[in-house]
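>>> The sequence and its predicted three-dimensional model are supplied below.
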Amino acid sequence: MNRALGRAVRGPGFSFRYFPRALLVSAAALLGLLALLVAAVCFGDYPLAFGQVVDALTGGSGGQAYIVQRFRLPRAVAAVLVGALLGLSGAIFQTLARNVLASPDVLGVESGAALTAVIMMLSGVAATAPLIGGAFAGAALATTAVYLLAYRSGLNGVRLILVGIGINACAVSATTYALMLSDVHAAERAHNWMLGSFNGLGWEQVGVLATALAVVLPLAACLAPRLRTLALGDDVARSTGLTLERSRLALIAVGVLSAASAVAVAGPVGFVALVAPQLARRLVRRPDGGLVTAAILGALLTAAADLAGRHVLAGADVPVGIVTALAGGPWLIYLLATRTSNGKREP
């Protein structure tokens, strides 16, 4: 069996393909994610035993149930959903560009979403749904600019990264300028949001994130065969009869929506979309790493970062965006160093 093609299951009127190693890695990551969820709900300024948490979730009342249901559980679930959206988005962009550095935070997708979201916040918009719409518009504009400027008789991964870095710098500068011109209190609120945090998120935001994931995940699953074909190169994809630009645009739209939804709710959470697909690729040993596996690993990384931010420093709730930046920065340096030293480009 060709490991890259996986195993096919066929029946009357249906057929699908699965990858045993991806299933194993995903199952192990889900167990780790479950353990992190339990820890996130149990640990805090007011520690709770596992039995108390179960009681709070099965009809219990009082202070313990209020802490679990109002604060800890929605925050933990939001971290999982944001990480899954970012991991999925990163896997799509990295596979399309065939470059491990092509992630929404490097290509300017997240900064474009943050720019429009910040402008809307400074204008007095507080509802989550309009913010997601604005974030998607900003991310789509940034992605369109990167795509058009980087496209030269085809899509080159290195050119895409360089253009994306430039667009990202422009969006960040514009966001800083908007904050400088705004009211102090509004700017402080927007600045805190830009650090990336799950503090204060409730079930309303969880519902929005769950809806976004429920939309993009099936779309990504339907487009996954096209993504695997595109990962083999334009010539191979064209020889199979695949419409390259239409497939790319559909996958880019899914990736943009995933990243924009996460950014609009939690703010820019850097490096998750960069690291999660690479971990999936290394563990699964496939060029695309598997979209679902990348999403699960993204959720695992974000939940772990949020838990660390809450408990590493006593008396401090460090925003998750700061934790992921501290952990992801060395990873990015490692990637750049290894790519430069061996002179090879990873798939």
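The structure has been received and is ready for your questions. Numbering: from 1, shown residues only.
>>> rest of the way, CA atoms for contacts and neighbours
Noted.
>>> buried residues in whichever helix in the chain runs longest?
When the chain is parsed with DSSP state H, its longest helix is helix 203-230. In terms of neighbour count (16 or more other C-alpha atoms under 10 Å), helix 203-230 has its buried residues at 203, 205-206, 208-210, 212-213, 216-217, 220, 223-224, 226-230.
>>> go on, stretch 56-71?
Of the residues in stretch 56-71, those buried (16+ other C-alpha under 10 Å) are 56-57, 64-65, 67-69, 71.
>>> Format the CA atom coordinates belonging to that stretch as CSV.
Extracted C-alpha coordinates of stretch 56-71, given in CSV (Å, rounded to 0.1, in the frame of the first residue of the first chain):
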residue,chain,number,x,y,z
ALA,A,56,-21.1,21.0,38.8
LEU,A,57,-21.7,19.8,35.2
THR,A,58,-24.5,17.4,36.1
GLY,A,59,-27.0,19.7,37.7
GLY,A,60,-25.1,20.9,40.8
SER,A,61,-25.6,24.4,42.1
GLY,A,62,-23.9,26.9,44.2
GLY,A,63,-20.5,28.6,43.9
GLN,A,64,-18.7,25.6,42.5
ALA,A,65,-21.2,25.2,39.6
TYR,A,66,-21.1,28.9,38.9
ILE,A,67,-17.2,28.9,38.7
VAL,A,68,-17.2,25.9,36.4
GLN,A,69,-20.1,26.8,34.1
ARG,A,70,-19.7,30.6,34.0
PHE,A,71,-15.9,31.0,33.8
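>>> follow-up on the earlier one: continuing past the longest helix of the chain, what's the next helix or strand?
helix 234-239 (DSSP states H and E).
>>> Output that following helix in PDB, but only the C-alpha positions, please.
What follows is helix 234-239, C-alpha atoms only, in PDB (Å, rounded to 0.1, in the frame of the first residue of the first chain):
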ATOM      1  CA  ASP A 234       1.100  22.300 -10.200                       C
ATOM      2  CA  ASP A 235       2.200  20.000 -13.100                       C
ATOM      3  CA  VAL A 236       0.900  16.900 -11.400                       C
ATOM      4  CA  ALA A 237      -2.300  18.600 -10.300                       C
ATOM      5  CA  ARG A 238      -2.900  19.900 -13.800                       C
ATOM      6  CA  SER A 239      -2.300  16.500 -15.400                       C
END
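>>> Neighbours of the closest residue to residue 331 other than its chain neighbours, how many?
Distances taken as C-alpha to C-alpha, 6 or more residues apart in numbering place residue 275 nearest to residue 331, at 7.7 Å, with adjacent residues excluded. Residue 275 has 26 neighbours, counted by other C-alpha atoms under 10 Å.
>>> Residue 275 is in contact with residue 328, isn't it?
Yes - counting by C-alpha atoms under 8 Å, residue 275 touches residue 328, with 7.2 Å between them.
>>> if we can go back for a sec, now for the residue nearest to residue 331: which residues touch it?
Contacts of residue 275 were listed using C-alpha atoms under 8 Å, 6 or more residues apart in numbering, and they are 298, 328, 331.
>>> Within the helices and strands, which one has the last one?
Residue 331 is located in helix 320-342, with elements delineated by DSSP H and E.
>>> for the first one, same thing?
When elements are defined using DSSP H and E, residue 298 is found to belong to helix 291-311.
>>> Which other helices and strands does that helix contact?
helix 20-42, helix 73-97, helix 203-230, helix 272-284, helix 320-342 (3 or more C-alpha pairs under 8 Å, 6 or more residues apart in numbering; DSSP states H and E).
>>> so which of these is the most packed in?
helix 73-97 (a mean of 29; mean count of other C-alpha atoms under 10 Å).
>>> after it, next one along is what?
Counting by DSSP H and E, the next helix or strand C-terminal to helix 73-97 is helix 104-107.
>>> Which strands and helices lie in contact with that following helix?
Against helix 104-107 (3+ C-alpha pairs under 8 Å, 6+ apart) you get helix 73-97, helix 157-181, helix 272-284.
>>> Convert that helix to CSV, retaining C-alpha atoms only.
The C-alpha coordinates for helix 104-107 follow below in CSV (Å, rounded to 0.1, in the frame of the first residue of the first chain):
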residue,chain,number,x,y,z
PRO,A,104,-1.8,33.1,8.6
ASP,A,105,0.3,35.0,11.1
VAL,A,106,3.2,35.2,8.7
LEU,A,107,1.2,35.9,5.5
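>>> Got the confidence number for residue 63?
On pLDDT, residue 63 comes in at 76.
>>> re the thing from before, okay if I get the helices and strands packed on helix 104-107 as TSV plus mean pLDDT and distance to residue 312?
Output for those, formatted as TSV (pLDDT from 0 to 100; distance: least, C-alpha to C-alpha, whole Å):
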stretch	mean pLDDT	distance to residue 312
helix 73-97	93	17
helix 157-181	89	29
helix 272-284	90	19
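>>> Out of the ones you listed, the one nearest residue 311 is which?
Checking the helices and strands packed on helix 104-107 against residue 311 by C-alpha to C-alpha gives helix 73-97 as the closest, at 13.8 Å.
>>> so the closest one versus helix 20-42, what angle?
150 degrees (axes from the mean of the first three to the mean of the last three C-alpha atoms, to 10 degrees).
>>> Having no further points to raise, I will conclude here.
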